[in-house]
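Chemist: Got a predicted model here, sequence first, then my questions.
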Amino acid sequence: MCYYLRGEKETALRFIFTGSALRREAPRACIDMCLGFLCGSEESGEKVGIITDFYNLRRYHGCFSYGRNAITRRLQVQIVEALRSNQRSRASSLLSELGCGNHSLRANDFIYILEYCSRYPDPLFVMEIWRIMDEKKVNVNHRCVMLRIQALCKGGYLEEAFDLLDFVGKNHDIHPILPMYNNLLRECVQTNSLDQARQFYDLMEDQVLGKNEVTYSQFLKTLLAVFRKNLSAAHEIWKEYMTYYSMSIISLRKFIWSFTRLRDLESAYAALQHMVDLVFKGSIFINKSADGRLRSSRFDIPIPKNGGMGLKIFMEESKHSLPSVSDNSKRIESHASNVEDSTVFYMGSKEDKGFGINMLEKYKGKPVMKVLRWSFSDVIRACAQTQNCRLAEQLILQMQNLGLEPSCHTYDGLIRAIVRDRGFSDGMEVLETMQLRNLKPYDSTLAALSISSSNALQLDLAECLLDQISRISYIHPFNAFLAACDTLDLPERAVPILAKMKQLKLKPNIGTYELLFSLFGNVNAPYEEGNMLSQVDVYRRIKAIQMDMLNNGIQHSHLSMKNLLKALGTEGMITELMHYLHLAQRQFSLSKTYLGTPIYNIVLHSLIEAKESHRAIEIFKNMISCGLRDAATYNIMIDCCSIIQCYRSARALVSMMIRDGFLPQTLTYTALIKILLELEDYDEALNLLDQARSEEIPCDILLYNTILQKACREGIIDLIELVTELMHQEKIQPDPSTCYYVFSSYVDHGFFSTAMESLQVLSMRMISEDCDSILEEKRTEFEGFILSEDDDAESRILQFFKGSEENLAAALLNLRWCAISGYLISWSPNESSWARRLFNCYGSRKESSGSKLG
């Protein structure tokens, strides 16, 4: 019985089979009528399945008619019904009943069951069928062998399929045919089976079967999936194919697909333009198969084996580059670098903008337009992989000129290419274009935009894009967001993203945990020293991250262990630090690797900050014995000498440092000067400072602040003024710590006016050290902050902290405080009496040569 099922947008036609009798009595004319209706209607996934069922019914119509073997045919239907219902024992019983009859059996008496077992692979039941056929001595035909091979391949029984093919090749009654081998090669692609592919190819060569277009297609897929993506072999396949076949739309589609995945953008582009040329010439030859797949409609005549190129070319690792895809596309390649030429190359003159659209209007809604759009999309995605944004935009223009509407897949490739070349802002413009066309972006498109936004530290936009992702299988966009949070030191922004990852059931990778230790390993640091409460909180967080790593079966990497140890050391948790250090040593020793110098340097630095000099010395000795050291190691240990106040040991370390090929750096001089200051040897400290300047070692603010800190603590104003003037001569901008040391020194001695004057001068130099003209240019802007009487003036100044302009914010707050205290703000700091006095006293001081280090 037939029923019409009508919906709002389409009408579907189904056969309702209510029993085996109705199946047998279904008129063939009615089946043909239904097929004609369905094939002429709009394609959908559901219709494809219905059409396939009707073709099978039409094929086996003779099996369900009345005749002398009606019982046998009815048993086939019942067996298939039992298999569909997962009643395997009943199906086996019915199969035994089929084989126990007194009548002779033929191959066609098993075809319907084999067809089902090959479509919904059931290789074990196929083996039962084959056993019955052997017992009954049924003469098998090519169709039976083909269906059995399909069932074995789809079920993963490649060895059994190979044995069957080998047997068929030695049987004089049945000769192997190419489709059998094509099916086996297809399964090798899906299972990534290198050994089986080699065996099947050798068997094909032995049995002299030759190749057809499907074989070449399977060669390309095998090349990509199994044989390590050998581009040279792909070019060889192209050459051999062109020797025997003229290119068709379908074959070009497969070569374009292969070239794009091999990242050969030039060849893919040339093949695409060849495809466009064929469409304009009307050489299309495309139709649909029974299951709705597009295929070539021209005859596929196998090419006899001639001992030429085969699969062997990419069994071996060929490293030689080959020329472009074909001589026929050389003239197309010459236009690849020019946008205007490529967009009008197949569309006549530039004046006739609609020529391409008019030429392809007759193909609108035809399968060829789908193939064109798929191929354009593939090449555009390859542009993203090779970072060729210009060519991607060029292809979009050509699609528009051809009347091809870009799909979501096309826009996905275009946006990926744009964000890699020009950043997220241009990519967002393309996303808006998609939304105007009512196209929903892929999750991968949103992920690419989110990664680009995270790299630009645009957390709000990146988080908004991640919230729109409904399903994704890779962790990279979330890791990029976590990295941005880590850069901006905003761990609280990472919490909702971690919840989103859990919602999507995304499994973190080691990169995620590396970032988590960096983000959540600190509580008080670096703004406050660790205390008991912060240490308990840190330990709880680390244990939670560690437990999650264990649950996901992920081992520590060097970076994750480095971040973990750094977090413990920063919070002053020395006991836990040493515990995890020993755990890390045991873990990495099992994999026969070392922790590495950076990890030991972090431990050394943490121990020295905690005044654990004896432990630091023991670890340093072990590092030296293992050959693990660098310039940072020596600088850290020289700093350790300030704890034990031993300048002689520091000089010995400098000698070792130079012998190992590491020259003294700014940090080296800073650590040495720090030791001398602790020993109150100020003259030698100044000599070292002069030596660093004479050797053109770049002295930074940390070095000068080290001296100022000690001078402030000891109340040595002469040293304060000398170092402040040296900083001005070296054009080194002060920072808030510099202002604090100088200001506090004068206040402690009761020089309040001088303290306020020095604070103004240093604050101005924090804004600009170069020249007074820059300060005059910005005077109007900054006076709005300094002299403002608004209640929110300080709040507006504090906004500079968010823009990572801490020095500017501190300088403006200092100057505002001076103005509120009644002092006149001078925008020419070098004209200050305090600045002139320092220049007169210390400006002419000559650099002393000092003694050489080591």
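Modeler: Yes, it's here.

Chemist: Residue 442 - how many residues pack around it?
Modeler: Residue 442 has 18 neighbouring residues, counting by other CB atoms under 10 Å. All C-beta spots, glycine's among them, are computed from the backbone N, C-alpha and C.

Chemist: That one: what's its closest spatial neighbour, skipping adjacent residues?
Modeler: Distances taken as CB to CB, 6 or more residues apart in numbering place residue 412 nearest to residue 442, at 4.9 Å, with adjacent residues excluded.

Chemist: residues in contact with the one you found?
Modeler: 381, 441, 442, 444, 445, 448 (CB atoms under 8 Å, 6 or more residues apart in numbering).

Chemist: what's the answer for residue 714, then?
Modeler: With CB under 8 Å, 6+ apart, residue 714 has these contacts: residue 680.

Chemist: how close does it sit to residue 708?
Modeler: Using CB to CB, to the nearest Å, one gets 11 Å for the distance from residue 714 to residue 708.

Chemist: Quick check: residue 664 touching residue 653?
Modeler: No - counting by CB atoms under 8 Å, residue 664 does not reach residue 653; the two are 10.5 Å apart.

Chemist: which two from the contacts of residue 412 end up farthest apart in space?
Modeler: 381 and 441 (14.2 Å; CB to CB).

Chemist: what's the spacing between the residue nearest to residue 442 and residue 789?
Modeler: 55 Å.

Chemist: could you give the mean pLDDT of the helix or strand hosting the residue nearest to residue 442?
Modeler: According to DSSP states H and E, residue 412 maps onto helix 408-422. Summarised as a single mean, pLDDT over helix 408-422 is 88.

Chemist: ok, now stretch 754-761?
Modeler: For stretch 754-761, the per-residue pLDDT averages 94.

Chemist: cool, and stretch 378-388?
Modeler: 86.

Chemist: what does it contact?
Modeler: Here stretch 378-388 makes contact (CB under 8 Å, 6+ apart) with 256-257, 259-261, 263, 265, 268-269, 272, 389, 391-392, 395-396, 409-410, 412-414, 416-417, 420-421.

Chemist: Turn the buried ones among the residues you listed into a named PyMOL selection, would you?
Modeler: Selecting only the buried entries of the contacts of stretch 378-388 in PyMOL, with 16 or more other CB atoms under 10 Å as the criterion:
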select buried, resi 256+257+259+260+261+265+268+269+272+389+391+392+395+396+409+410+412+413+414+416+417+420+421
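
Chemist: And the helices in the stretch 401-550 of the chain?
Modeler: For the stretch 401-550 of the chain, the helices defined by DSSP state H, counting those that start in this stretch cover 408-422, 424-436, 443-455, 459-467, 476-488, 491-503, 510-520, 532-551.

Chemist: any idea of the angle the longest one forms with helix 510-520?
Modeler: Helix 532-551 and helix 510-520 meet at an angle of 170 degrees, taking axes from the mean of the first three to the mean of the last three CA atoms, to 10 degrees as the criterion.

Chemist: want to throw the helices of the stretch 401-550 of the chain into JSON lines with distance to residue 726?
Modeler: Listed next are the helices of the stretch 401-550 of the chain as JSON lines, based on distance: least, CB to CB, whole Å:
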{"stretch": "helix 408-422", "distance to residue 726": "46"}
{"stretch": "helix 424-436", "distance to residue 726": "45"}
{"stretch": "helix 443-455", "distance to residue 726": "40"}
{"stretch": "helix 459-467", "distance to residue 726": "41"}
{"stretch": "helix 476-488", "distance to residue 726": "34"}
{"stretch": "helix 491-503", "distance to residue 726": "40"}
{"stretch": "helix 510-520", "distance to residue 726": "37"}
{"stretch": "helix 532-551", "distance to residue 726": "38"}
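
Chemist: and residue 152, how far is that from residue 123?
Modeler: Relative to residue 123, residue 152 is positioned 5 Å away (CB to CB).

Chemist: Looking at those two now, which is surrounded by more residues?
Modeler: residue 152 (27 against 19).

Chemist: Please state the backbone phi and psi of the more buried one?
Modeler: phi -70, psi -40 (degrees, to the nearest 10).

Chemist: element containing the spatially closest residue to it that is not a sequence neighbour, please.
Modeler: Residue nearest to residue 152 in three dimensions, not counting chain neighbours: residue 161, with 4.1 Å by CB to CB, 6+ apart. Assessed by DSSP H and E, residue 161 sits inside helix 158-170.
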